[in-house]
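**Q** turn this into a structure:
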Amino acid sequence: MVEGGPSGRETAVFTGKQPRQAALKAASRGKNDIWLRERGTKKFHHFKGSRSKVKAPENKPDWMADYVWKPNVKKVGIQKVEKKKKGKKKRR
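**A** Here you go, the predicted structure:
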């Protein structure tokens with residue numbers, strides 16, 4: 001998934017099997033308005049994201065901090081961008 005709006009400006013690449021998984025990665029990095037484009041298609045997935053700081057789990061590894069960011073996303077919808085049709089040239 002490539003992050004960026006339907007305007008064509010792509011800012012980052014987030015991967016995941018599902019669009020929600022890629023949106024969670026973007027939200028964990030502080031993105032709020034998330035537009036993801038599926039590679040190979042003309043679909044844009046729109047999410048609203050947020051993150052909150054929560055206490056790390058009890059069984060955390062030694063290297064993990066005491067508090068971690070927990071992402072949260074909500075899907076707003078899907079937008080399909082249609083390919084512009086070229087007009088046929090008239091033969092003379």
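**Q** any chance you could map the helices in this structure?
**A** With DSSP state H as the definition, the chain shows helices at residue ranges 19-28.
**Q** low-confidence ranges in it?
**A** Low-confidence regions of the chain, defined here as pLDDT under 70, cover residues 1-8, 83-92.
**Q** for the nearest residue to residue 69 once chain neighbours are set aside, give me its contacts.
**A** If you skip the residues right next to it in sequence, residue 69 has residue 51 as its closest partner in space, 4.7 Å away by CB to CB, 6 or more residues apart in numbering. Where C-beta positions appear, they are placed from N, C-alpha and C, glycine not excepted. Contacts for residue 51 were tallied using CB atoms under 8 Å, 6 or more residues apart in numbering; they are 27-28, 30, 69-72.
**Q** residues near residue 12, how many?
**A** Using other CB atoms under 10 Å, residue 12 is surrounded by 14 other residues.
**Q** beta partners of it?
**A** Listed beta-bridge partners, residue 12: residue 3 (assigned using DSSP bridges).
**Q** quick check, it in contact with residue 26.
**A** Yes - in this structure, residue 12 sits in contact with residue 26. The criterion is CB atoms under 8 Å, and the distance is 7.3 Å.
**Q** who does residue 48 bridge with?
**A** Per DSSP bridges, the residues bridged to residue 48 are residue 33, residue 74.
**Q** quick one: contacts for it?
**A** Applying CB under 8 Å, 6+ apart, we find residue 48 in contact with 32-34, 73-74, 76.
**Q** just the buried subset of those, written out for PyMOL, thanks.
**A** The buried subset of the contacts of residue 48, as determined by 16 or more other CB atoms under 10 Å, is captured in PyMOL by this line:
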select buried, resi 34+73
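**Q** that'll do, ta.
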